[in-house]
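Kindly return the folded structure for what I paste below:
(one chain, ligands or ions: 2)
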Amino acid sequence: MSPENDDRSQKARTQHLNEKYPGLEVLSTEPENARTDSRANLASYLTPREQHYIRNHYRTPEIDAAEWRVSLTGMVEETVDLSIDALKHDFPTESVVHMMECSGNGRAYFEPDAEGDQWTYGALGNAVWTGTPVREVLAEYGSATEEGLWLSVMGGETIEEEDVFCRSIPMSKILDDCLLAYEMNGTPLKPEHGYPVRLLVPGWFGNNSVKWVDRMHVMDRMVAGEDWQSVDERDYTTYQQSSYRIVPAQDDTPESYASIEEFSTYDQLRATDEIHNAYLFDQLVKSLVISPEDGATLSAASSGRIEIMGVAWSGEDPVERVEVSADGGETWDDAEFVGPDLGPYAARKFRYSWEPLSGTHRLLSRATDEQGRTQPATISDPDEGLRGIDDGKFPWNQKGYANDAYGPLGVTVTVED
Ligand SMILES: Nc1nc2c(c(=O)[nH]1)N[C@H]1C(S)=C(S)[C@@H](COP(=O)(O)O)O[C@H]1N2
Ligand SMILES: [Mo]
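Numbering: from 1, shown residues only. Ligands and ions are numbered 1, 2, ... in the order given. Coordinates of the predicted model:
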């Protein structure tokens, strides 16, 4: 194809995706990557599917649900191939609200630039996911489920010779609340979000929620090592051991582990002597001012006040507190939660009634989880070589993952007399 034609079809694909998903800003079309296009979109208690980010490594596959099978293999009494119909009708159903965040969200704030799509704040979505608890399927077919085991879940979209999108999830999390989800916000999944079935790992970074699941393998370690680097000429380890790791500037490659016992991403970032390069499992506590918009010029209401709204979310440990600063972080005041509490993994909306002086102000928000973990202020320099969060700094890392620093996320507004 000539570059000109290529340009034109690229434009057509972008337009197509824009029509299908009003509310998304398209970063790329092959594969599809798109983020919610305004902070204001996050004001809804649930993110409409049209505004929920999309993040794909390969093209969205076209799947005939009637033909699709999810196989269960490995340490099980009975190996099976399950139809979508059986998954839906032979097992109980559960739902969970989950604020899903791509671990690359916030990468655009790294200096110098980190590799990958330059996501700012919008690789986010708060949706109701419905499906079959994985524990029920494992129980039915006599799977081993001891602590220390892993379930490796494989995406079925890859084309020949490409690395398989595979994630190994600790058995304890699988038994707790992971779903084989077939509905999003009460309607069947759309192809981009994993139709006909995806894994849903509540509270964990999006990279764990494998779409288009075609196999689940029960094992006593993660996908690691030579055995898994070439299965029918495909590498199953890339997305577990190479991608989605915190790799500081001084490391060539992340260290591969067969198994680990610390699953909290935050605690891995604290115990970097044991796990040199943290794995991106549960999300870090984070928040975002959603109104006013960045760059807005505002007048106070007759009360002399302006309402600041935002959302906060986290990983395994729910958000307990949100503070707001209207002076770039010099002073902080507690915000209040508003609206329904949709569960431990849902986004929590907050408001703060601000009595502004005229002039230009930097508005920031800072969330803290139930364990007292809070957002760092900034991102470190690469030459500091940090492996974990230290002294209010988030570690610069080669792929720009997991940034929850509050500084770059603020908005600057001008208040007129
Ligand atoms: N099979 C497969 N599953 C996948 C991916 C992928 O490329 N292939 N991307 C992952 C990443 S990095 C994220 S952030 C989420 C995004 O889910 P969404 O597109 O429904 O928002 O899906 C995850 N599951
Ligand atoms: Mo992601």
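
any idea of the pLDDT on residue 274?
Looking at residue 274, its pLDDT stands at 88.

scratch that, residue 160 is what I was asking about
pLDDT at residue 160 comes out at 82.

State the three-state secondary structure for it.
Secondary structure, DSSP: H, G, I helix; E, B strand; the rest coil: residue 160 is coil.

residues in contact with the residue in the stretch 251-400 of the chain that ligand 1 sits nearest to?
When scored by Cβ to the nearest ligand atom, the stretch 251-400 of the chain has residue 280 as its residue closest to ligand 1, at 9.3 Å. For every residue, glycine as well, the C-beta is placed using N, CA and C. Neighbouring residues of residue 280 by Cβ atoms under 8 Å, 6 or more residues apart in numbering: 103, 205, 207, 208, 244, 245, 246, 265, 401, 402.

Equivalent analysis for residue 84, please.
65, 66, 68, 70, 182, 196, 197.

where does it sit relative to ligand 2, distance-wise?
The gap separating residue 84 from ligand 2 is 25 Å, by Cβ to the ion, to the nearest Å.

Same check on residue 230?
Distance from residue 230 to ligand 2, by Cβ to the ion: 25 Å.

Quick check, central residue of this protein?
Nearest to the geometric centre of the chain sits residue 101, at 2.6 Å (Cα atoms, centre = their mean).

Determine which two of the contacts of residue 280 are furthest apart.
The span of these, defined through Cβ to Cβ, is set by 208 and 246 at 15.3 Å.

How about the protein: which residue is closest to ligand 2?
residue 102 (3.3 Å; Cβ to the ion).

Next up, the contacts around the residue nearest to that residue when sequence neighbours are not counted.
Of all residues not flanking residue 102 in the chain, residue 123 sits nearest, at 3.6 Å (Cβ to Cβ, 6 or more residues apart in numbering). By Cβ under 8 Å, 6+ apart, residue 123 lies in contact with 35, 36, 53, 55, 101, 102, 104, 105, 206.

Please flag which of those residues sit within strands.
Among these, DSSP state E puts 35, 36, 55, 101 in strands.

Pairing partners for the second one in the sheet, please.
With DSSP bridges as the criterion, residue 36 is bridged to residue 24.

That one: neighbouring residues, count only.
24 (other Cβ atoms under 10 Å).

hang on, isn't it packed against residue 124?
Yes: assessed by Cβ atoms under 8 Å, residue 36 is found in contact with residue 124 at 6.2 Å.

which neighbours do the two share?
42, 47, 53.

Closest to ligand 1 out of these?
residue 53 (4.9 Å).

Chain neighbours aside, what residue packs nearest to residue 387?
In space, residue 387 is closest to residue 272, 3.8 Å off (Cβ to Cβ, 6+ apart).

same check, this time on residue 183
residue 130 (4.0 Å).
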